[in-house]
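[1] Next input, structure requested:
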Amino acid sequence: DSKKKSPSSTSSGETSDEAMSGDDRSVKVPKDLSSHPDYIVGDTVVFWDGFDLPVADSFNPYMVVWNLTKALATTKKLVGFLKLFYFCEDDLIKDDDMREAYDEARFFTETGYRGGYDPLCKYARTKSMIASALLWAGDARTCRVDEPANIVIVSDSVSDQPEFVNLLEALKQRNFNILLVQQHDEEKEKLYGIPTESFDWLWTSLLHGGTSQGVNRSDSSSTCGDGVPLSRKEDFYKEIEALDQAGEALDQDKEALESLTSVEVELYDPSKEVEAKIEALAKALFGAIELKDVEHGTSKAFKALFKKALAEEARVKKARAKKARAKKEAVKSLKEVARAKEIEARKAEARAKKALAKEKLLKILSM
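    So this is what the prediction gives:
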């Protein structure tokens, strides 16, 4: 018999009996997670600032989602259904076939955001990402009140804004596992107490799925610039299915999942105003908090954070309106001054003409 079975991981039978694809991309997670409390089973959503850490246009969305799923399972012990929202200026998707592939890979693009390192642009992008994360959290708590869930934020701007960090800490207190991926800064991690990883970790995860080994480059299929195979769609679904079964927490009904996806895609429409998102979040999340019977003090503190965010937004709008009015008044004043000078000049000219005419008349009369 020339066929060989894939090797078992340990004699105790704690890990999967077979490697799903025969290479280093197999997920080594325990079969029965009920006996491994260190593993956290729950849906995972990734909000990624494409300006802080851009990816090439030719990358494979299946491999990105799969390798990130694998890295979170193997290095962070976060197991579950994953979807990714990538915030960028121009859409990476060029045609319908490409759109279908991205949707199937659960990789969604959020377009229309301005790039660059201008503080206002960075603040607007980060604010929209945090608002989207809070909306997702409110929906998750409404649907699955007692289950843990995982939120990954890929941004180098969150830790610069205390109000954003406070919101993530509030989610952490409500059984959400938060992972912030940014330029590595140990001082920031100590200051805020939110688990962080570096961009280097994320990039390594995208290439190798959280393992120290490289991707099998002997694959004869076409590859993107870094050598990652593009034709892995079938393996991707097999391995995701195995991971979902290990977690025992996902709805396998295809129609329900498609319905949920369509609702969330509509929810994350970037054309909507951030204020509208926050208002919708307040209704959804506060209702979920009441259903869960969270301590009144915690709920009150969380509401205070939203009031502070809305008050700050109102203050900024008021300051902008005041500045616009001042500019308008200044322009109006300049126009009035110019008009007054013009009128005075005309009056002076009229007086000069009148004096000249009078002088001529007196000269004629004296002859």
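[2] Please enumerate the strands of the stretch 1-150 of the chain.
    In the stretch 1-150 of the chain, the strands defined using DSSP state E, counting those that start in this stretch lie at 40-41, 44-49, 78-79, 82-87, 107-110, 149-154.
[3] Take the ones you listed and lay them out in a markdown table including mean neighbour count and distance to residue 204.
    For every residue, glycine as well, the C-beta is placed using N, CA and C. Output for the strands of the stretch 1-150 of the chain, formatted as a markdown table (neighbours: other Cβ atoms under 10 Å; distance: least, Cβ to Cβ, whole Å):
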| stretch | mean neighbour count | distance to residue 204 |
| --- | --- | --- |
| strand 40-41 | 21 | 21 |
| strand 44-49 | 24 | 16 |
| strand 78-79 | 26 | 17 |
| strand 82-87 | 22 | 17 |
| strand 107-110 | 21 | 19 |
| strand 149-154 | 24 | 14 |
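[4] Can you flag the weakest of these by average pLDDT?
    Mean pLDDT across these is lowest at strand 40-41; the value there is a mean of 72.
[5] now for that strand, which elements pack on it?
    On a contact count with 3 or more Cβ pairs under 8 Å, 6 or more residues apart in numbering; DSSP states H and E, strand 40-41 meets strand 78-79.
[6] just to revisit the earlier point, just put the strands of the stretch 1-150 of the chain in TSV and tack on distance to residue 201.
    Below are the strands of the stretch 1-150 of the chain laid out as TSV (distance: least, Cβ to Cβ, whole Å):
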stretch	distance to residue 201
strand 40-41	18
strand 44-49	14
strand 78-79	14
strand 82-87	16
strand 107-110	19
strand 149-154	11
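[7] what about residue 177, is that helix, strand or coil?
    What DSSP: H, G, I helix; E, B strand; the rest coil gives for residue 177 is strand.
[8] Number of residues surrounding it?
    Residue 177 has 19 neighbours, counted by other Cβ atoms under 10 Å.
[9] Looks like it contacts residue 147 (just checking).
    No - applying Cβ atoms under 8 Å, one finds residue 177 not in contact with residue 147, separated by 11.4 Å.
[10] Common neighbours of these two, please.
    Between them, residue 177 and residue 147 share these contacting residues under Cβ atoms under 8 Å, 6 or more residues apart in numbering: residue 42.
[11] which stretches of the stretch 51-200 of the chain aren't confidently modelled?
    56-59, 91-94, 112, 114-118, 141-146, 185-192 (pLDDT under 70).
[12] Do a quick rundown of the helices in it.
    61-75, 96-104, 119-143, 162-173, 186-192, 199-208 (DSSP state H, counting those that start in this stretch).
[13] Give me the pLDDT value at residue 228.
    37.
[14] taking the mean pLDDT, what do you get for the top helix by length along the chain?
    Longest helix in the chain, counting residues (DSSP state H): helix 296-365. Across helix 296-365, pLDDT averages out at 78.
[15] And it, what does it pack against?
    Using 3+ Cβ pairs under 8 Å, 6+ apart: helix 296-365 touches helix 162-173, helix 274-292.
[16] Would you indicate which residues of the first one are buried?
    So that's helix 162-173. Buried positions in helix 162-173, judged by neighbour count with 16 or more other Cβ atoms under 10 Å: 164-168, 170-171.
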